[in-house]
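A.B. asks: Sequence plus predicted model, see below.
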Amino acid sequence: MASPTSVLKRLVVGRPFRSDQLHHELLPKRLALPIFASDPLSSVAYATQEIILVLALGGVAFLHLTPWIGLAVVVLLAVVVLSYRQVVQAYPSGGGSYEVASRNLGQSAGLVVAGALLVDYILTVAVSVAAGVDNIISAVPELNPYRVLINLVFIAFLAAMNLRGIRESGRAFAVPTYLFVAGVLAMIVTGLGMAVTGHAPVAESAGWDIRAEHVGLSGLALAFLVLRAFSSGCTALTGAEAISNGVPAFRKPKGLNAARTMSAMGIFAITMFSGITVLALLTHVRVAEDTCDLVGFPGDCTTGAQRTVIAQIAAAVFGGDHSFGFYFIQATTALILILAANTAFNGFPLLGSILAQHRYLPRQLHTRGDRLTFSNGIIALAVLAGVLIYAFDGSTTRLIQLYIIGVFTSFTLCQAGMVRHWNRELPGATDRAQRLRIQRGRLINAFGACFTGVVLVVVLATKFANGAYLVVIAIPLLFLLMRGIRRHYQRVSEELEPDPDGGLLPSRIHALVLASRLHKPTQRAIAFAKATRPDTLTAITVNVDDTDTRELQRTWEKYDLRVPLKVLESPYREITRPSVNYIKNMRRESPRDIVCVYIPEYVVGHWWENLLHNQSALRLKGRLLFEPGVMVTSVPWQLRSSAHRDLERVDHLPGDVRRGIGVS
């Protein structure tokens, strides 16, 4: 029978896929959009709110700046979409910003981009899930005390779904994504139609005032407030680069399909963000970072949760907070915000796999799991995002201060790299149409690099003191970590280079059999050692107890094994140190000789039996592995309790499926 853990794994993950089934996991555009673009599509649910929250620090009077800031965000989003259309067609291998920066600006720039994206993907999961839970709590305020727990449950659910495979998770997440897009577009059309007919919807907070935290802002102070609001609104761009990292997951022609998906994402995101921003102004929505700054807020402001902007708009447009339209928008918004983390669950493992292939991250991240996903990357992302949620109490407002720095770092370096890419392509272009295409691409990417570079400076300046300094510290640390991992792999590779002469044979082989008592496992170890025909064969035992040692010697003589038994004295009742010292002395006398130590071990059927057996053998084995010129051979002896184990069941190691080993 299969073990309980194996049964649970199959229930959660599903049956394993063969390596040759990988092409069945490739995505059509209709599934690629919700998988890779759910983050930028969902960001429209809170991007407008982030703008209003910052402007509200100066009071209601500053909310008239919202449309101009929103327009700047729309222009920036359009530029980024156009720029990344160039990237996915020029670099369809899936490296995205990392590959562009590495090839054109050097490996150091590529690692900066990689570190920035890895941090951003972790934050994407944390922020998206936290924002989704905020909308659930807007509909059901009684859940507020369980905020962190609900966040962690959703992260675990997303990880489990992604472990089942990219195509299966795409099918599961496609419906909520399209329902959200349809619901928001219906809300925008309905709300604008009501305004045109003279019955503009009014938000529940329209009559409230906002107690300004900063009074009399002008000059540089006002400019800083506007820039901070703009940087917060730029959260609408998060995840826009994920399609460029996921190009290999598209069906052929990969680059063209990825570019078309990028265009569809941009059109939907711009339309929805613009519509929600306009409706927020028409309905006179009021929100503030501190609920107690809302003058007229009903209930206890210290414990009550204010409704999100999109929740207030939905209630105003669809006729109250008990209407079907309100609950539909809240449900789909919560789902899309939580599922937006799926963008990171696809981008992070793919990028981690590429970095692992280049030896900048542990090789385990390049390994595909049972369902042909990069399961180690998925699990690592879930754990790191869960730690962030716990550390920041699931607060979207606190987490969002760490957000978008990484993504704008990658935007800027990627576009700068694309400019150099076009500069290299231009001299080889002979056709006029081709030269015009390259010049147009270079112009788009140059403008994108300058624009996103300015935004990066603004984001750093406005968010640094509010927590963004943690990201500024994390990215260089990741950079150094990846460089260190690469140096380690390089050093090991050089150390393991094969010898030109194929390696010298040892002068002699000395076999040692570890014997604590004479029984069947010891006899098997001696027999196996003899079968290898060593130059010398000796059994060694450590004298921990005189009575036991004398009994062993008597038994040894009785069975006449014709193998000398060497007794090692141990005044401090240790086994490992006397054995290691004896072997070291043998090596010291003949450095070109090899010592092979045979250790009898019990094979047990229950985990608790391991606690009762093999402890001395494990300690000695672990110590001898560090000794040069010493080989350690385990000689297993299966106890009866191991007989119940299913010999036909194979617990596959990571990578077995990818290599097609033992999978039917």
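C.D. replies: Nice, thanks for sending it over.
A.B. asks: Next one: residue 8, what pLDDT does it get?
C.D. replies: Residue 8 is assigned 54 on the pLDDT scale.
A.B. asks: now swap in the one 4 residues further on and tell me
C.D. replies: The score at residue 12 is 53. That number is its pLDDT.
A.B. asks: Kindly report the same for the one 4 residues further on.
C.D. replies: We note a pLDDT of 56 for residue 16 in this prediction.
A.B. asks: Check which residues of stretch 250-257 are buried.
C.D. replies: For stretch 250-257, the neighbour count (16 or more other C-beta atoms under 10 Å) marks 250, 254, 255, 257 as buried. Placement of C-beta: from N, CA and C, glycine included.
A.B. asks: ditto for stretch 541-551
C.D. replies: Buried residues in stretch 541-551 (16+ other C-beta under 10 Å): 541, 542, 543, 544, 549.
A.B. asks: what's the answer for stretch 282-292, then?
C.D. replies: Neighbour-count burial for stretch 282-292 flags 282, 283, 284, 285, 286, 287, 288, 290, 291 (criterion: 16+ other C-beta under 10 Å).
A.B. asks: So which of the buried residues of stretch 541-551 belong to helices?
C.D. replies: If you go by DSSP state H, the buried residues of stretch 541-551 have residue 549 in helices.
A.B. asks: and the least confident of the buried residues of stretch 541-551?
C.D. replies: Minimum pLDDT across the buried residues of stretch 541-551 falls on residue 544, with 85.
A.B. asks: Identify the residues contacting residue 103.
C.D. replies: 91, 110, 417, 421 (C-beta atoms under 8 Å, 6 or more residues apart in numbering).
A.B. asks: Columns pLDDT and distance to residue 195 on top of those residues, output as a markdown table?
C.D. replies: A markdown table is the format used below for the contacts of residue 103 (pLDDT from 0 to 100; distance: C-beta to C-beta, whole Å):
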| residue | pLDDT | distance to residue 195 |
| --- | --- | --- |
| 91 | 80 | 44 |
| 110 | 90 | 49 |
| 417 | 91 | 44 |
| 421 | 90 | 46 |
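A.B. asks: Between those, which sits nearest residue 150?
C.D. replies: residue 110 (37.5 Å; C-beta to C-beta).
A.B. asks: What is the burial count for that closest one?
C.D. replies: 26 (other C-beta atoms under 10 Å).
A.B. asks: need the buried residues of stretch 282-292 in TSV with secondary structure, can you?
C.D. replies: Shown next, in TSV, are the buried residues of stretch 282-292 (DSSP: H, G, I helix; E, B strand; the rest coil):
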residue	secondary structure
282	helix
283	coil
284	coil
285	coil
286	coil
287	coil
288	coil
290	coil
291	helix
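A.B. asks: Out of these, which comes closest to residue 595?
C.D. replies: Distances from residue 595 to the buried residues of stretch 282-292, taken as C-beta to C-beta, are shortest for residue 290 (71.8 Å).
A.B. asks: host element of the residue of the chain most remote from its centre?
C.D. replies: Distance to the chain centre peaks in the chain at residue 558, reaching 62.7 Å (criterion: C-alpha atoms, centre = their mean). Assigned by DSSP states H and E, residue 558 belongs to helix 546-559.
A.B. asks: Packing partners of that helix?
C.D. replies: Here helix 546-559 touches strand 536-543, strand 565-569, going by 3 or more C-beta pairs under 8 Å, 6 or more residues apart in numbering; DSSP states H and E.
A.B. asks: Packing partners of the last one?
C.D. replies: Packing partners of strand 565-569 (3+ C-beta pairs under 8 Å, 6+ apart): strand 536-543, helix 546-559, helix 576-589.
A.B. asks: of these, which approaches residue 430 most closely?
C.D. replies: Comparing the helices and strands packed on strand 565-569 by C-beta to C-beta, helix 576-589 comes nearest, at 68.6 Å.
A.B. asks: what's the next secondary structure element after the closest one?
C.D. replies: Next in sequence after helix 576-589, counting helices and strands by DSSP H and E, comes strand 594-603.
A.B. asks: Each with direction, which strands does that following strand pair with?
C.D. replies: Using DSSP bridges, strand 594-603 pairs in its sheet with strand 509-514 (parallel), strand 630-638 (parallel).
A.B. asks: Mean neighbour count, these: which tops it?
C.D. replies: strand 509-514 (a mean of 23; mean count of other C-beta atoms under 10 Å).
A.B. asks: Give me the neighbour count for residue 79.
C.D. replies: 22.
A.B. asks: can you tell me which residues contact it?
C.D. replies: By C-beta under 8 Å, 6+ apart, the contact list for residue 79 reads 444, 447, 448, 451, 452.
A.B. asks: Quick one, which of those residues are buried?
C.D. replies: Among the contacts of residue 79, those scoring as buried are 444, 448, 451, 452 (criterion: 16+ other C-beta under 10 Å).
A.B. asks: and which of those residues is nearest to residue 529?
C.D. replies: Using C-beta to C-beta, these come closest to residue 529 at residue 452, 67.3 Å.
A.B. asks: For residue 302, give me phi and psi.
C.D. replies: Residue 302 adopts backbone torsions of phi -80, psi -20, taken as degrees, to the nearest 10.
A.B. asks: Nearest to residue 237, out of the helices and strands packed on strand 565-569?
C.D. replies: Closest among the helices and strands packed on strand 565-569, using C-beta to C-beta: helix 576-589, at 58.6 Å.
A.B. asks: Contacts for the closest one, please.
C.D. replies: Against helix 576-589 from outside (C-beta under 8 Å, 6+ apart): 510, 512, 514, 540, 542, 566, 568-570, 593, 595, 597, 616, 619-620, 623-624, 627-630.
A.B. asks: hmm, try it at 6 Å
C.D. replies: Applying C-beta atoms under 6 Å, 6 or more residues apart in numbering, the contact partners of helix 576-589 are 542, 568, 570, 595, 619, 620, 623, 629.
A.B. asks: Stretch 185-199 now?
C.D. replies: 201, 275, 279, 282, 317.
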